[in-house]
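**Q** got a sequence here, can you model it:
(one chain, ligands or ions: 1)
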Amino acid sequence: MTAEAREAAAVLAARKPGFVPAIGLILGSGLGSLADQIEDSEIVPFSDLPGFPEPSVEGHAGQMVLGNLGGVPVACLQGRIHLYEGQSPVAIRTMIRTFKVAGCQSLLVTNAAGSIRPDGEPGSLMLIRDHISFQPVNPLAGPNDDDFGPRFPSMDNAYDGTLRQEMASAAKKIGVALPEGIFAGLLGPNFETPAEIRALQTLGADAVGMSVIPEVLVARHCGLKVVAISVLTNLAAGLSTTELSHEQTLQFAQIAAADLTRLIVAYLEGHG
Ligand code: HPA
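**A** Here you go, the predicted structure:
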């Protein structure tokens, strides 16, 4: 597992000699088009990377793109895997640790999520301030690898306050609304019941999805700073009469992708 992250990072280094990414990017459902903006890109399919499984969900390409975005060297996972695919969480651990070994200092995560707030417009964006995990597995469970981080990592400031400020400034600069909110992560693959959404509302969550959290846990464990944005693709179950579907997720992710791309490029340009 750890060996696989080191091997995968070595593959990346061999494919783009001298290139050291500063930021790892993870693109969520239907958001992969952002990777097309990466300049001087080198594309490495997951099949060339030890420990990286093929994603099985439509809208996820399954490749790592190395190159420059907004003047910053980035490593971009175009497509991710989800726990509901039945993949071992160890694969997620390998992917994030590959970013770390490759030289990244921070992780920028995007995902598609349902809005638990009735005013969360489909196609709008939310900056994740913190999360509540309802996922039954944890990629950090099992023997701890002390080379990467401590047995009991803190999740205080998991979504880095300084990076959130930088992201908020970028949003303001380009005129895109970016409210902060709490993300609740469930296993999936089913959408939630209306009763579950009412329960999540009571618990203080603003958006709900099936990804992000495992990646953030592994990133924080190994000292990568995290900033994360949810694309609100729908009102969560029970909040609208539209039937939930993956097609709707992809459709609104595509609508939001233009704003998200501008936002991420503005963030990277200001990141320094
Ligand atoms: N629930 C969970 N995950 C999601 C949703 C949702 O409503 N929309 C997009 N991903």
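
**Q** in a strand, Leu127, correct?
**A** Yes - assessed with DSSP: H, G, I helix; E, B strand; the rest coil, Leu127 lies in a strand.

**Q** how about it, what does it touch?
**A** Leu127 makes contact with Arg164, Met167, Ala168, Ala171, Leu178, Pro179, Glu180, Gly181, Val227, Ala228, Ile229 under the criterion CB atoms under 8 Å, 6 or more residues apart in numbering. The C-beta positions use only the backbone N, C-alpha and C, and glycine is treated the same way.

**Q** select from those the one having the most neighbours.
**A** Among those, Ala228 has the most neighbours (other CB atoms under 10 Å), with 29 neighbours.

**Q** quick one: residues contacting that one.
**A** Ala228 sits in contact with Leu108, Val109, Thr110, Asn111, Leu127, Ile128, Tyr159, Phe183, Val212, Val216, where contact means CB under 8 Å, 6+ apart.

**Q** same deal with Leu187?
**A** Leu187 neighbours (CB under 8 Å, 6+ apart): Leu83, Tyr84, Phe134, Gln135, Pro136, Val137, Met210.

**Q** helix or strand for it, which one?
**A** Using DSSP states H and E, Leu187 sits within no helix or strand.

**Q** can you tell me how far it sits from the ligand?
**A** Computed as CB to the nearest ligand atom, to the nearest Å, the Leu187 to the ligand distance reads 10 Å.

**Q** please apply the same query to Glu166.
**A** Distance from Glu166 to the ligand, by CB to the nearest ligand atom: 26 Å.

**Q** for that residue, report the pLDDT, please.
**A** In this model, Glu166 is scored at 97, pLDDT.

**Q** next, count neighbours for it.
**A** Neighbours of Glu166 under the rule other CB under 10 Å: 18.

**Q** three-state assignment of it?
**A** Relying on three-state DSSP, one would call Glu166 helix.

**Q** near the ligand, which residues of the stretch 101-250 of the chain are found?
**A** 112-114, 191-192, 208-210, 233-234, 236, 244, 249 (CB under 6 Å from any ligand atom).

**Q** among those, which one has the most neighbours?
**A** Going by other CB under 10 Å, Ala113 tops those with 31 neighbours.

**Q** is it true that that one touches Ile229?
**A** No - counting by CB atoms under 8 Å, Ala113 sits too far from Ile229 to count as a contact (9.6 Å).

**Q** mind listing the shared neighbours of the two?
**A** Common contacts of Ala113 and Ile229 (CB under 8 Å, 6+ apart): Met126.

**Q** coming back round to it: and the contacts of Leu127, which is closest to Ser88?
**A** In terms of CB to CB, no member of those lies closer to Ser88 than Ala228, at 22.6 Å.

**Q** now name the helix or strand holding that closest one.
**A** Element membership of Ala228, judged by DSSP H and E, is strand 225-235.

**Q** name every strand pairing with that strand and say which way it goes.
**A** The pairing partners recorded for strand 225-235 under DSSP bridges are strand 106-115 (parallel), strand 124-133 (antiparallel).

**Q** all helices of the stretch 151-272 of the chain, in order?
**A** 161-174, 194-202, 213-221, 246-271 (DSSP state H, counting those that start in this stretch).

**Q** ranking those by burial, who's on top?
**A** Mean neighbours per residue, mean count of other CB atoms under 10 Å, is largest over the helices of the stretch 151-272 of the chain for helix 213-221, with a mean of 25.
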